Every structure is written in C-alpha cells, then in structure tokens.
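1. quick one, structure for this:
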Amino acid sequence: MMKQSFMITTCLALVASVNSAQHRFISSTFVPPAVPSVVSSAPAPVDIAKVRQRAIATGYIVPAATDVRRGGPLYAKKKAPPAKKKVQVKLLKYVEGIGSIGEVVMVAPAFFENKLKRSGSGVLISDEDVQKETSEKEAKAKAQLELATDLKAKIEEINL
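-> Next up, the predicted model:
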C-alpha cells in the first residue's frame, strides 16, 4: 500500500510540475527591447593629474622642462622610426607588380634577397652604373636621331 501511495504522489507531483511548466511558458510576458539611455551633453569629469601622468608615461610631455614665459609643460612628439633603406635593382625578367626587363627599381633588401636574387630576376646596381647606362642610352638615342634626320633629308632630295 505504501508503494502505491508513494507512486501516486510522485505521479501527481510530476503532473503538477509539467502543468506548472506549461503554465510558465504560456503565461510569459512580452519584454520590450532595450532602449538606449539619453546621453547628457555635459562632458565627463576629467582628472587632470591622471591625464598628465598618462602623457608623461607615453612620452608626449617632458616633465622637467617647462616654458619659462607661460609656466606650462613643453609638448614633444615621439620620434618617427627610421625609414627602411631600399636598394636599387636592375630587373633581368618581368616581375609582376614590380617592373619589366631592364628597369631599375627600388625594393626592400629582404624582397631582393628572398625573391629577385633567388629566382635570378634581378641584380643589385649602383648609382654609377645607372648613370652609365642612362648616358649610353642617351648617346644611342642621339645617334638614331641623327641617322633618322639624314635619311629624311635624303628622301626629300629624291622627291624634289
């Protein structure tokens, strides 16, 4: 008898919990979405001491130096990192995004070592070599221009 009463009470408790769970889900209320709070137009309070300490820590204020006329701190920007040096390279092959055969381009040393030198696409070239090549090109272009003007003069003499 005791087992039956225990089973009946457990079943009743189980049914009651299921009914209350269903009731909980059915009777839930609508919760409106959150509305942003209105921001006041007054600025937030600023702790000058904290701002000054942060500026000193980041290097924008030199703490010991002050301007004699005004009595305020001197502001200094951080120094820019040194510019990375590039090297002049004469291309022996077409390299996409860099240039074509015979061009002299400036590239990073690592790019030259890792890509151009390994693939045989370029060689280092000095300023003197660049000047020498440009003077040779100019001389060659001048010679071609003189030859072209001579041929033009001969053609005009024949037509007359």
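2. can you tell me the helix or strand for the nearest residue to Ser119 once chain neighbours are set aside?
-> Of all residues not flanking Ser119 in the chain, Lys93 sits nearest, at 7.5 Å (Cβ to Cβ, 6 or more residues apart in numbering). No exception for glycine: its C-beta is placed from N, CA and C like everyone else's. Element membership of Lys93, judged by DSSP states H and E, is empty: it is in no helix or strand.
3. the chain should start at 50 in everything you say after this.
-> Okay, using 50 as the starting number, the last item reads as Lys142.
4. for Lys142, what are its contacts?
-> The contact partners of Lys142, taken as Cβ atoms under 8 Å, 6 or more residues apart in numbering, are Ile150, Ser168, Gly169, Ser170, Gly171.
5. of those, which belong to strands?
-> Gly171 (DSSP state E).
6. state the distance from Phe160 to Ala104.
-> 39 Å (Cβ to Cβ, to the nearest Å).
7. then Ile147?
-> 43 Å.
8. ok, Ala188 next?
-> In this view, Ala188 and Ala104 are 61 Å apart by Cβ to Cβ.
9. higher neighbour count, the two?
-> Ala104 (15 against 10; other Cβ atoms under 10 Å).
10. can you pull the pLDDT of that one?
-> Note on Ala104: pLDDT of 75.
11. could you do Ser89 as well?
-> For Ser89, the pLDDT comes out at 56.
12. do Val80 as well
-> On pLDDT, Val80 comes in at 65.
13. does the residue lying closest to Val172 once chain neighbours are set aside count as helix, strand or coil?
-> In space, and not counting its chain neighbours, Val172 is closest to Lys139: 5.6 Å by Cβ to Cβ, 6+ apart. Classification of Lys139 using DSSP: H, G, I helix; E, B strand; the rest coil returns strand.
14. for burial, what's the neighbour tally of Lys139?
-> Using other Cβ under 10 Å, Lys139 has 18 neighbouring residues.
15. what packs against the helix ranked longest in the chain?
-> Longest among the helix segments of the chain by residue count, using DSSP state H, is helix 176-208. In this structure, helix 176-208 makes packing contacts with strand 136-140, judged by 3 or more Cβ pairs under 8 Å, 6 or more residues apart in numbering; DSSP states H and E.
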